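1. Turn this into a structure:
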Amino acid sequence: MISRRQFLGSLALAAAPLQLASAQGVAHLDKLWDVIIIGSGLAGLSAAVSAKENGAERVLVIEKTPLLGGHSKFSSGSFCACLPTNVDAQGRKDSPELMGEEIFEGGGRIGNIELIRTLAEQSRSAYEWLASMGVRWSGPFIPVGAVYPRGFHAQAPLPGFDYVLKVNRTARELGVTFLFSHRVLDLLTDSKTGRVNGVVIRGEVGQLKYLLGKSVIIATGGYTEDKALRQKYDPRLSPSLTSTANPYGRGLDTATGDGLKMAVAIGADTFDLEHIQTLFYLGGRLLDYVGGDIYLDPNGKRFVNEGETLKEISDTVLTLGLPEIWVLTDSKSHKGPNFENRVKNGIVNKCASLEEVAAVMHCPVSNLGDTVMAYNFDAASGKDSQFHKTTVLQQINLPPYFVGKEKLAVHYCCGGLKCDVKARVLDIYEEPIGGLYVAGEASGGIHGKNRMGGCSLVECVVFGRIAGKEAAKLSS
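-> Numbering: from 1, shown residues only. As a prediction, the model looks like this:
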């Protein structure tokens, strides 16, 4: 298993050959760029390669950190693709129409149908495009929230990192220029037409520089790290909640909504900013299936149907005001890949009895005993009498027991800049802002209230490619 130190070191090595010390002293930054892309995650990299593939000669990617990849490099890599070989348990074949309906339904039926249809229809092409760059796929599996087995992973220890490196390598071969450690502060617009024609950047030593471009693509991700902004749109998300990109609060989450703020400042409209996905992350949850564990409040009592969607469980936790919960399982449940590390690091406690579990939780033994006894009775009968969970697979009665704390982390911004199927950013009058495009988590309109598993990375590729292609048309 690769360590975090090795991982970050490899990222630094990957970025080092592309890094420019400063904008000042690099003469070619003064040229008129065909396409300027803000952000070097999978959406930005896909846009850069697509722009090159579609005729743009002078393509620049600007990254505010010294490292390539944005949030994409930390992703577990789940990638939805509608392939003709995808078949469900009843033998029914998948289709773009079925994929689109699942996305729309899972998001509360409030997404933009045209954007969803585009994503589903082009997911296969995105899958094949990454394969052409060397991504080797494994799968399919059923992503969270889906019915059909249309989820895939790269055959790599760090799938998200693998996507980033493969597309980055192609971008370098095509001659894309990269600028690291420079932050885009503002968008430049033509005073007469209002078209976006460049950006203002600031480098490591604080100097400002104006870069002109025929088009700009925003690929800056969401706003999970801007605690004031996310709480503005969802007051339940207290500043104490960390993000899944920075779960322990000791690192850096670069998703501060830069592109969103810049675009809104010049009249861009937004879509669904109030829908922010949270989930349990890196805590006591050990299972990848429903039925072999239970979620407990600090008093040792169940409070939710553990088989509900991530959104429904998160909403319950936020409504009840539970800063932390406990997750309990036993030794016969099938653990996920992080089991040993979580026990070794003390994140999960191994207990010989329920009395020891209660001591770890600091809750009454009688409460915990009654809870587990009731659950085991229901598991034996196949019916959850308390919360009506339909998947009750097994009793929790074989020591040793495993229990650990979980707390919600802010994971994904389902909303963002309003755009159309050509990835053009729209203003408050539903008109495209000339020269401005968006791709990835910075956009809104696809996921509604809740993003289906595997749909983030495929969105980055599908709309990154569209944005690059459309922006390249302005370069001639």
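2. Who does residue 137 form a beta bridge with?
-> Counting by DSSP bridges, residue 137 forms beta bridges with residue 154.
3. so it makes contact with residue 156?
-> No: using C-beta atoms under 8 Å, residue 137 is not in contact with residue 156; the gap is 10.3 Å. Backbone N, C-alpha and C define where each C-beta goes, glycine included.
4. dump the residue contacts of residue 134.
-> Contact analysis of residue 134 by C-beta atoms under 8 Å, 6 or more residues apart in numbering lists 166, 169.
5. name the element it belongs to?
-> Under the criterion DSSP states H and E, no helix or strand holds residue 134.
6. what about it, distance to residue 457?
-> With the distance defined as C-beta to C-beta, to the nearest Å, residue 134 ends up 16 Å from residue 457.
7. I'd like to know how far residue 117 sits from residue 154.
-> Counting by C-beta to C-beta, the gap from residue 117 to residue 154 is 26 Å.
8. quick one, which of these two is more surrounded?
-> Higher neighbour count among residue 117 and residue 154: residue 154, with 24 against 18, using other C-beta atoms under 10 Å.
9. Which residue ranges of the stretch 251-400 of the chain form strands?
-> Using DSSP state E, counting those that start in this stretch, the strands of the stretch 251-400 of the chain run over 270-271, 276-280, 293-296, 325-329, 348-351.
10. With residue 472 as the reference, name the closest of those strands.
-> strand 270-271 (25.1 Å; C-beta to C-beta).
11. ok, then the element right after the lowest-mean-pLDDT helix or strand in the chain?
-> Least confident helix or strand, the chain: helix 4-15 with a mean of 37, by mean pLDDT, DSSP states H and E. Using DSSP H and E, the helix or strand that follows helix 4-15 in sequence is strand 35-38.
12. how distant is the helix or strand that that next one is followed by from the center of its chain?
-> Using DSSP H and E, the helix or strand that follows strand 35-38 in sequence is helix 42-53. Relative to the mean C-alpha coordinate of its chain, helix 42-53 is positioned 18 Å out (C-alpha atoms, centre = their mean, to the nearest Å).
13. Please save the CA atoms from helix 42-53 in CSV.
-> Output of helix 42-53 as CSV, limited to C-alpha atoms (Å, rounded to 0.1, in the frame of the first residue of the first chain):
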residue,chain,number,x,y,z
LEU,A,42,-9.7,15.8,-14.2
ALA,A,43,-12.1,18.3,-15.7
GLY,A,44,-9.4,20.8,-16.4
LEU,A,45,-7.0,18.3,-17.9
SER,A,46,-9.8,16.8,-20.0
ALA,A,47,-10.7,20.2,-21.3
ALA,A,48,-7.0,20.9,-22.1
VAL,A,49,-6.6,17.7,-24.1
SER,A,50,-9.9,18.2,-25.9
ALA,A,51,-9.1,21.8,-26.8
LYS,A,52,-5.8,20.6,-28.4
GLU,A,53,-7.6,17.7,-30.2
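14. which strands and helices sit next to that helix?
-> Where contact means 3 or more C-beta pairs under 8 Å, 6 or more residues apart in numbering; DSSP states H and E, helix 42-53 is packed against strand 35-38, strand 59-62, helix 159-174, strand 216-218, helix 455-472.
15. What's the local residue count around the closest residue to residue 392 other than its chain neighbours?
-> The spatial neighbour of residue 392 that comes closest, neighbours along the chain excluded (C-beta to C-beta, 6 or more residues apart in numbering), is residue 379 at 4.8 Å. Residue 379 has 20 neighbours, counted by other C-beta under 10 Å.
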